Each structure stands twice: as C-alpha cells, then as structure tokens.
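Trainee: Next input, structure requested:
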Amino acid sequence: MKIDEALIRELLDAPSDDTVLALLEGRAQVVEQAALNSEQYHGAAVLISRAELVERLGTPSPAEEEVTRVSASLQDAVDKLGA
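Mentor: Numbers count the residues shown, from 1 in each chain. The predicted structure is shown next:
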C-alpha cells in the first residue's frame, strides 16, 4: 500500500472535516467517517482525519513539499504497523 501525495490531496480536497484516510485490506482509502459504520468498511482503521491533517499542516492548502513530507510520514507509520 502506498500513501502518496494524491491521497493526501484527495483528503485535503474533501468537503467535510469528518472525511478520513482509512486502511482496509491493504489499501488506503479516503472515506466519510460515517461510512466506516457500514459493512463495506468493517475492520477499517482510521489513519488520520481531514481535520487532523489540516491542523497538522496549519492550512488546508499546503505547499507541495509539505504534502510530500506528510505522505512520507504517514507511509512510514503504516510501514511500522506492518499494514
């Protein structure tokens, strides 16, 4: 699984702060928090929410270098989980 800049941008571009980056069956997906209650997302683990990401970056429109840095940091965290 690859947490890349495109996933981070997709999360940042989501209309709701309740949107999350979730891990499910070896894939990272951007989904609405409420969807995690459905059978389709049973067992998914939340990596970060849009609100947390914006807080971490300090802006909903970060520079590309910041997006790259965050995606690498999140990928490292996932790798350490063995997901």
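Trainee: residues touching Ser49, list them.
Mentor: Residues near Ser49 by CB atoms under 8 Å, 6 or more residues apart in numbering: Asp17, Asp18, Thr19, Val20, Leu21, Gln33. (C-beta placed from N, C-alpha, C; glycine too.)
Trainee: Over to Leu53?
Mentor: Ile8, Leu11, Leu12, Leu21, Val70.
Trainee: Filter these down to just the ones in strands.
Mentor: Leu21 (DSSP state E).
Trainee: got the contacts of Leu53 as JSON lines, with pLDDT and distance to Val78 columns?
Mentor: Listed next are the contacts of Leu53 as JSON lines, based on pLDDT from 0 to 100; distance: CB to CB, whole Å:
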{"residue": "Ile8", "pLDDT": "97", "distance to Val78": "13"}
{"residue": "Leu11", "pLDDT": "97", "distance to Val78": "14"}
{"residue": "Leu12", "pLDDT": "97", "distance to Val78": "18"}
{"residue": "Leu21", "pLDDT": "97", "distance to Val78": "10"}
{"residue": "Val70", "pLDDT": "96", "distance to Val78": "13"}
